[in-house]
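**Student:** build me a model from this:
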Amino acid sequence: MAVGGWDVFVSYGHEDAAWVRVLAENLHRVGFAVFFDEWELAAGDRVAGRLEEGIRGSASGVLVVSPHALSRPWVQEEYEALLRQAMQQPGQRRLIPVLYLDVELPPFLASRLWVDFRGAATTGPEYEARLAQLVRALQGLPAADRPTRDGAVQWPAGPGGQVVRPAGPLRAELTVSATEVSLSAGADRFTQVPQGLRRSTADAVRELAWRRAHPDPEAPLGAGDAALREVGRRLSGDFLAGPVGAALAARVAQAAGLNEVLELGMDVADQGLADLPWEALLVPEASGEIGEAGGGPLVLHRNVAAFRLAGGLGTAAAHKVRGPLRLLVAIASPETAEAELLDYEAELARIVAAVEPARKKGQAYVRVLNEGSLAAIYAALSEDPEGFHVLHLSCHAQPGELLLETPDGQPDPVTAQRLLAEGVPPGADLPVVVLSGCSTGLAARQERLHPDAATAGRADPEISA
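**Tutor:** Numbers count the residues shown, from 1 in each chain. Predicted coordinates for the structure are as follows:
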């Protein structure tokens, strides 16, 4: 409340009048009674008497500090009067320095808490924040209120104002269907309607599959990579271009800026789209568009770990196999003229070397079967009372089948259904099966990309023109 009619007396150098006038107006607008000489002095007034009256009648004094102000005798007089008044009545009168420009403060003024408008002297949120701080000071309040005790933890801002976050990977989930594409990252979710799989994209996918199935020994090195990149560009344009692409680009840039990894789970909701090479998607441009050049594959970006999500599996039961880590290894190399014999010893050496440090410390147990047959695997899983955490199969393979061996060493093509039915005993607790063989997942994809003559001319329902 004003002591003699005013809440605040504003002292300043007249070279700073334009800026100080706006400050006084803002203080007036929020409810303070302001003594500002332009509003109080009229022609013929005794200037010294009116200013002295304003100082005596104001609860607080605001001294706008700049090189101009401190060099003026009149401002020095006002400063000394305001300082004396604040020192004589410390509980009732205040002297608040407002730093407008860089200047060395007098010792007694420098000892007081000031409001710093330097660097925020014009517009924007920084000016508003400093004005709010000045208002609180004139009200006799501290610079900020204590936070509520709600148990929440806030992270401080780092250098340059960047918000500090816990160390560790960022996470996002990309969900793709024929009708919607979405990216979820924490509480943020971005969606868009995709253009859909174009005929030209499907043709490029078929061309890529054909090249892989019929490699040209005379083709230049990297020709297949170019075809895969073209598929990725087309597929990205069909499904990523738009708000989801922009959000994904922002997340990748954020991970790169933090030198962290973006763990990107990809969930392809439509079975008809699941066999497409989504791992070839490109990093979109910041606008969300897919560039004709640049924007490398997501899976090759140093700050991205992309992987497929498996949905609808339900809750897995807790495993009862006790530690240390127990591995069952089966290496199959049947005698066949259609494929080279697998180098059994080299393959075994690689597997053993991978777990040797843990095995020496008693943290891993490895059992290697003498033959890579379903019968041997079934017997080992049935007879060992401790059980195994991992079944590792190394063998040749063809689309949809592992080339295991019979007990007499002959080839035995084994599908996933046969492996589970004939190789794993009912009720066996086997958390992980590792398949080390080429082409094991190509059956469904080849069936989709190379339909037989009866279905070759039929339009694919997931493909738009």
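**Student:** show me the strands in the stretch 1-150 of the chain, by range?
**Tutor:** Secondary structure of the stretch 1-150 of the chain, counting by DSSP state E, counting those that start in this stretch: strands at 6-11, 34-35, 58-65, 94-99, 115-116.
**Student:** mind putting those into CSV with distance to Ala18?
**Tutor:** Using the backbone N, CA and C atoms, a C-beta is placed for each residue, glycine as well. Output for these, formatted as CSV (distance: least, CB to CB, whole Å):
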stretch, distance to Ala18
strand 6-11, 14
strand 34-35, 16
strand 58-65, 12
strand 94-99, 15
strand 115-116, 19
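**Student:** dump those to TSV, plus mean neighbour count, mean pLDDT and distance to Ala137.
**Tutor:** Formatted as TSV, the strands of the stretch 1-150 of the chain follow (neighbours: other CB atoms under 10 Å; pLDDT from 0 to 100; distance: least, CB to CB, whole Å):
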stretch	mean neighbour count	mean pLDDT	distance to Ala137
strand 6-11	24	93	10
strand 34-35	24	94	14
strand 58-65	25	92	8
strand 94-99	20	90	5
strand 115-116	16	88	6
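**Student:** so for Arg130, which of these sits nearest?
**Tutor:** Arg130 lies closest to strand 115-116 among the strands of the stretch 1-150 of the chain, at 5.9 Å (CB to CB).
**Student:** the closest one pairs with which strands, and in what direction?
**Tutor:** Applying DSSP bridges, strand 115-116 is found paired with strand 94-99 (parallel).
**Student:** so where's the stretch 151-300 of the chain uncertain?
**Tutor:** Residues of the stretch 151-300 of the chain that meet the criterion pLDDT under 70 lie in 155, 157-166, 219-224, 293-295.
**Student:** may I see the domains of this protein written out as residue ranges?
**Tutor:** As assigned by automatic domain parsing, the chain contains the domains 6-138, 170-308, 325-445.
**Student:** possible to save those domains as a markdown table with distance to Pro147?
**Tutor:** Listed next are the domains of the chain as a markdown table, based on distance: least, CB to CB, whole Å:
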| stretch | distance to Pro147 |
| --- | --- |
| domain 6-138 | 16 |
| domain 170-308 | 21 |
| domain 325-445 | 46 |
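**Student:** out of those, nearest to Thr148?
**Tutor:** With CB to CB as the yardstick, what comes closest out of the domains of the chain is domain 6-138 (18.0 Å).
**Student:** now find how far off-centre the closest one is within its chain.
**Tutor:** Distance of domain 6-138 from the chain centroid (CA atoms, centre = their mean, to the nearest Å) equals 47 Å.
**Student:** now the end-to-end length of that domain.
**Tutor:** The first and last residues of domain 6-138 sit 12 Å apart, counting by CA to CA, to the nearest Å.
**Student:** likewise for stretch 404-412?
**Tutor:** 5 Å.
**Student:** list the buried residues for that stretch?
**Tutor:** Buried positions in stretch 404-412, judged by neighbour count with 16 or more other CB atoms under 10 Å: Leu404, Glu405, Pro411, Asp412.
**Student:** got phi/psi on the residue lying closest to Glu289 once chain neighbours are set aside?
**Tutor:** Distance criterion CB to CB, 6 or more residues apart in numbering; nearest residue to Glu289, sequence neighbours excluded, is Ala241 at 5.7 Å. The phi and psi values for Ala241, taken as degrees, to the nearest 10, are phi -60, psi 120.
**Student:** for Ala241, give me its contacts.
**Tutor:** Gln195, Pro284, Gly288, Glu289, Ile290 (CB atoms under 8 Å, 6 or more residues apart in numbering).
**Student:** cutoff 10 Å now
**Tutor:** Ala241 makes contacts with Val181, Gln192, Pro194, Gln195, Pro284, Glu285, Ser287, Gly288, Glu289, Ile290, as judged by CB atoms under 10 Å, 6 or more residues apart in numbering.
**Student:** helices along the stretch 301-450 of the chain, start to end?
**Tutor:** For the stretch 301-450 of the chain, the helices defined by DSSP state H, counting those that start in this stretch cover 344-360, 374-383, 416-418, 443-449.
**Student:** and Leu113, which of these is closest to it?
**Tutor:** helix 344-360 (60.2 Å).
**Student:** model confidence over that closest one, on average?
**Tutor:** Helix 344-360 shows a mean pLDDT of 83.
**Student:** elements contacting it?
**Tutor:** strand 325-331, strand 364-368, strand 390-394, strand 432-436 (3 or more CB pairs under 10 Å, 6 or more residues apart in numbering; DSSP states H and E).
**Student:** could you dump those to CSV with mean neighbour count, mean pLDDT and distance to Phe117?
**Tutor:** CSV is the format used below for the helices and strands packed on helix 344-360 (neighbours: other CB under 10 Å; pLDDT from 0 to 100; distance: least, CB to CB, whole Å):
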stretch, mean neighbour count, mean pLDDT, distance to Phe117
strand 325-331, 21, 91, 64
strand 364-368, 17, 89, 66
strand 390-394, 21, 91, 66
strand 432-436, 14, 87, 63
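**Student:** Asp45: which of the ones you listed is closest?
**Tutor:** Ranking those by proximity to Asp45 (CB to CB) places strand 432-436 first, at 91.7 Å.
**Student:** could you give the angle of the closest one to strand 390-394?
**Tutor:** Here strand 432-436 runs at an angle of 10 degrees relative to strand 390-394 (axes from the mean of the first three to the mean of the last three CA atoms, to 10 degrees).
**Student:** pairing partners for strand 432-436, with directions?
**Tutor:** Assessed with DSSP bridges, strand 432-436 is paired to strand 390-394 (parallel).
**Student:** quick one on the thing from earlier: reformat the buried residues of stretch 404-412 as JSON lines; add pLDDT and distance to Val30.
**Tutor:** Below are the buried residues of stretch 404-412 laid out as JSON lines (pLDDT from 0 to 100; distance: CB to CB, whole Å):
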{"residue": "Leu404", "pLDDT": "91", "distance to Val30": "82"}
{"residue": "Glu405", "pLDDT": "91", "distance to Val30": "87"}
{"residue": "Pro411", "pLDDT": "90", "distance to Val30": "88"}
{"residue": "Asp412", "pLDDT": "91", "distance to Val30": "86"}
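**Student:** Asn366 and Ala330 touch, don't they?
**Tutor:** Not quite, residue 366 is Val, not Asn. No: taking contacts as CB atoms under 10 Å, Val366 lies outside contact range of Ala330: 11.8 Å.
**Student:** before we move on, the earlier item: how about the strands of the stretch 1-150 of the chain, which one is nearest Glu345?
**Tutor:** Of the strands of the stretch 1-150 of the chain, the one closest to Glu345 (CB to CB) turns out to be strand 115-116, at 74.5 Å.
**Student:** can you tell me what sits against the closest one?
**Tutor:** With CB under 10 Å, 6+ apart, strand 115-116 has contacts from 62, 65, 96-100, 130-138, 143.
**Student:** buried set for stretch 266-277?
**Tutor:** Buried residues in stretch 266-277, counted by 16+ other CB under 10 Å: Met266, Asp267, Val268, Ala269, Leu273, Asp275, Leu276.
**Student:** what's the distance between Arg50 and Trp74?
**Tutor:** Distance of Arg50 to Trp74, computed by CB to CB, to the nearest Å: 13 Å.
**Student:** next one: Gln85
**Tutor:** 17 Å.
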